[in-house]
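> here's a sequence, model it:
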Amino acid sequence: MTLKDSFARVVDQPIAAVDIKGNLKHVTEADLRTLLEPVVNRRFLNVDLLTLKERVEADPWIAQATLSRRWPDRLQVSLVEETAIARWGDSSFLNQAGEEKNVGDNSVLQDLPLLRGPEQSQQKVARKYVEIASLLLPLALQVNELTLEDDLSWQLALDNGLVIRLGRDQLLEKIKRFSTVYETVLKPKLADIYSVDLRYHNGLAVEWSPQALSLAN
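Predicted coordinates:
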């Protein structure tokens, strides 16, 4: 055996352990074992870190993976998990950049608002959600659902059960108009209101709930 071969045997040991770092909520240990399985029994110098990085980052919940060798026989993996800001349809979520990540079933994210829209509208809907949510914050209201319809009109559902029809344009101006009358005009009668229609250049229309209409009659 040559000196080179002896050196290689000392340096190029089989991977004995994989150290994983990261604050993970949605990626399980079983998921990680599956993702990192290709390095099991591989030798220290033969691990293709770039290919393994791409494999790990293909998981929809992993935003970034950093891999490095730790001599003599360990692999260190540092992971940053995606932050979901909203559900998208029934099977995906949107991250902070408004990118859709398909996880097959997003029911574990029921506490997040539900956003919907046509294909390729994810970032547009995400931006509007953030803008609208910030305007509603002083009213202690939260967005439950925000939908961009196929005809490019918008509809909003709030956590207090109120539905707001916004139309196609000037969304933020309409939300500001809603805000000026919510506390004094709408909130006292909230139990009797089903929806608010803001599809007007000035003013708004109220659709009363079926219960309120039956009492009125």
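
> list the buried residues in the longest helix anywhere in the chain.
The longest helix of the chain (DSSP state H) is helix 122-136. Across helix 122-136, burial judged by 16 or more other CB atoms under 10 Å covers 122, 125, 126, 128, 129, 132, 133, 135, 136. The way it works is simple: take the backbone N, C-alpha and C, and place the C-beta from them, glycine included.

> how close does the last one get to residue 143?
Which is residue 136. To residue 143, residue 136 is 7 Å away according to CB to CB, to the nearest Å.

> before we move on, what about the fifth one?
In this view, residue 129 and residue 143 are 6 Å apart by CB to CB.

> list residues touching both of those two?
Residues touching both residue 129 and residue 143 comprise residue 113, with contact defined as CB atoms under 8 Å, 6 or more residues apart in numbering.

> related to what we said a few turns ago, any chance you could list what contacts the longest helix of the chain?
Helix 122-136 is contacted from outside by 85-86, 88, 94, 97-100, 113, 115-117, 142-143, 146, 148, 154, 156, 158, 171-172, 175-176, 179, using CB under 8 Å, 6+ apart.

> which ones among the residues you listed are found in strands?
85-86, 88, 94, 100, 115-116, 143, 146, 148, 154, 156, 158 (DSSP state E).

> before we move on, the earlier item: so what sits against both of residue 136 and residue 143?
Joint contacts of residue 136 and residue 143 (CB under 8 Å, 6+ apart) are residue 158.

> need the contact list for residue 61.
Contacts here follow CB under 8 Å, 6+ apart; on that basis residue 61 touches 26, 27, 31, 81, 82, 101, 103.

> quick one, which of those are buried?
Members of the contacts of residue 61 classed as buried by 16+ other CB under 10 Å are 26, 27, 81, 82, 101, 103.

> no further queries at this time; thank you.
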